[in-house]
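Chemist: I would like to see how this sequence folds:
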Amino acid sequence: MGTLVNRIIWWLLCTAPVTYIQAIYAIRHSDDPQRVMLDLFPAALLLSLAIAGGTIAWRKRALVDPIRSGEIDLSTPEGLGRAFTPYVLNVVLSQAVAIFGVALSLRSNEPLYTLGFSLASLALMYVHRPTAAELQYSTSSDSDGAESSR
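Modeler: Take a look at the predicted model:
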């Protein structure tokens with residue numbers, strides 16, 4: 001999973017939340033900040049939590065378990081191709097969490113929404129990094145070894 005293409009995709013998606021923070025400080029629109037807090041924030045928060053739980057569960061089901069069992073062999077082009085779709089889905093959905101913060105900040109004129117949701121997005125991006133130990137091809141029979149962040 002730690003291929004150059006996967007690393008580039010991951011790094012590009014990691015830089016986006018920083019761009020969102022800069023954009024919110026540059027462009028702000030004032031609505032009723034209290035209404036955003038009451039109406040939109042709970043929905044964005046619940047959806048973000050669902051994305052976090054869903055992507056972590058999907059990662060285990062579609063990537064970690066098949067890689068550990070040998071069902072997906074990352075040493076072959078076919079195996080890398082099979083792992084690519086769930087990997088990209090997870091990082092793109094993780095990126096969406098930051099976008100919720102941007103939307104809330106634009107509506108409320110409160111940049112802290114972007115900061116909070118971007119930090120959550122970056123935490124998910126770290127979980128889904130292509131160099132995570134459990135997403136690496138292992139020739140040893142012990143694939144449950146200590147995780148490294150490589």
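Chemist: Next SSE downstream of the lengthiest helix in the chain?
Modeler: Taking DSSP state H as the criterion, the chain has its longest helix at helix 77-108. Downstream of helix 77-108, the next assigned helix or strand under DSSP states H and E is helix 112-127.
Chemist: Quick one: mean pLDDT over that following helix.
Modeler: For helix 112-127, mean pLDDT rounds to 95.
Chemist: ok and that helix relative to helix 77-108, angle-wise?
Modeler: 170 degrees (axes from the mean of the first three to the mean of the last three Cα atoms, to 10 degrees).
Chemist: now for the longest helix of the chain, which elements pack on it?
Modeler: helix 4-26, helix 41-59, helix 65-69, helix 112-127 (3 or more Cβ pairs under 8 Å, 6 or more residues apart in numbering; DSSP states H and E). Backbone N, C-alpha and C define where each C-beta goes, glycine included.
Chemist: Distance check, residue 20 against residue 109.
Modeler: 15 Å (Cβ to Cβ, to the nearest Å).
Chemist: Compare the two (neighbour count), which wins?
Modeler: Comparing residue 20 with residue 109 by other Cβ atoms under 10 Å, the one with more neighbours is residue 20, at 24 against 15.
Chemist: Just to check, the more buried one is in contact with residue 115?
Modeler: No. Counting by Cβ atoms under 8 Å, residue 20 does not reach residue 115; the two are 9.2 Å apart.
Chemist: who's in contact with residue 13?
Modeler: Contact analysis of residue 13 by Cβ atoms under 8 Å, 6 or more residues apart in numbering lists 91-92, 94-95, 125.
Chemist: thinking again about what came up before, so what sits against both of residue 20 and residue 115?
Modeler: residue 101.
Chemist: Could I have the PyMOL command that selects the buried members from the contacts of residue 13?
Modeler: Buried members of those, defined by 16 or more other Cβ atoms under 10 Å, are picked up in PyMOL with:
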select buried, resi 91+94+95+125
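Chemist: what's the closest of the contacts of residue 13 to residue 51?
Modeler: Distance to residue 51 across these (Cβ to Cβ) is lowest for residue 94, with 7.1 Å.
Chemist: What is the neighbour count of the closest residue in space to the closest one that isn't next to it in sequence?
Modeler: Of all residues not flanking residue 94 in the chain, residue 124 sits nearest, at 3.7 Å (Cβ to Cβ, 6 or more residues apart in numbering). Neighbourhood size, residue 124 [other Cβ under 10 Å]: 24.
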